[in-house]
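Novice: A predicted structure for the sequence below; I have some questions about it.
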Amino acid sequence: MIDIRGLSVTFRVAGGLTTAVRDVSFSVAAGESFGIVGESGSGKSTVLRAIAGLVEASAGSIAIEGRMLTARRSPGDRRMQQLVFQDPYASLHPRQTVDRQLREPLEIQGLDRPEQRVTEALAAVDLSPQYRYRFPHQLSGGQRQRVAIARALILAPAILLLDEPTSALDVSVQAEILNLLARLRAERGLTSILVSHDLAVVAHLCARVGVMRGGRLLEILDVESLRKGEAREAYTLDLIAMSQGYRRTSAA
């Protein structure tokens, strides 16, 4: 479904250029959930944004179902893949109701039956109709993220790109959102890429995980190897050790 080859992303900054992603390659099968982990600044979110067409690749290729994507994405390309951002309060318009924010992508894409589609999108993320005409500040963090997920799903995409979708939420809500995403992926056969710094979150949703550092993809391993600590790179082993230590300290 997704094939990334030699992807690099360079930004112009004061004093010159900086490369955020360097020669990254991986593939994701149809219906698979692939995880990308790494510390802040490792380039993992930039990879997602390049796939979504929000930033332009400086080198390499991005192919969806065998078709190379260009910097100028068609409406069909954008409809096929949707991005859920880290902070739902920042990604939702503060002065628009839930109903308006769900209708907007339908209008942009020229889709019919908006009333039915909005109702179905809310039901898919377990939000009752009473939330339809509320504003983001009238919702909890978990409810806002459900709206953001509903907005992504309302166009019936084949690919869901998830940029740390639970990191801005309370711990008590994180599991609910993760279970929701797992159910939606299974029900709809979605292909997904999940970016996170939390190995436990990635292990919950993904079958394979890519580890990034300094803009480079160091290695790809399956979740079972991740759980057993069977990694090739010293950096990956450090991530696993820190994650296990954090969970033990939290449990204590």
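Specialist: Here it is on my side, so go on.
Novice: Next one, pLDDT for the nearest residue to Leu169 once chain neighbours are set aside please.
Specialist: Nearest residue to Leu169, sequence neighbours excluded (Cβ to Cβ, 6 or more residues apart in numbering): Gly141, at 5.0 Å. Every residue, glycine included, has its C-beta placed from N, CA and C. The confidence metric pLDDT takes the value 90 at Gly141.
Novice: now the helices: where do they sit in the stretch 151-252 of the chain?
Specialist: With DSSP state H, counting those that start in this stretch, the ranges of helices along the stretch 151-252 of the chain come out as 171-188, 199-205, 223-228, 234-251.
Novice: Same check on the stretch 1-150 of the chain?
Specialist: 44-52, 75-80, 88-91, 98-109, 114-124, 141-153.
Novice: Least confident of these, on average?
Specialist: Note on those: lowest mean pLDDT is at helix 88-91, with a mean of 84.
Novice: For burial, what's the neighbour tally of Asp126?
Specialist: Number of residues near Asp126 (other Cβ atoms under 10 Å) recorded here: 12.
Novice: Distance-wise, check it relative to Gln145.
Specialist: Using Cβ to Cβ, to the nearest Å, we find Asp126 at a distance of 12 Å from Gln145.
Novice: repeat for Met80
Specialist: When Met80 is compared with Gln145 (using Cβ to Cβ), they lie 22 Å apart.
Novice: of the two, who's got more company?
Specialist: For Met80 versus Gln145, neighbours defined as other Cβ under 10 Å are more numerous around Gln145 (30 against 19).
Novice: Contact partners for the closest residue to the more buried one other than its chain neighbours?
Specialist: Nearest residue to Gln145, sequence neighbours excluded (Cβ to Cβ, 6+ apart): Pro88, at 4.3 Å. Counting by Cβ atoms under 8 Å, 6 or more residues apart in numbering, Pro88 touches 136, 141, 144-145, 147-148, 168.
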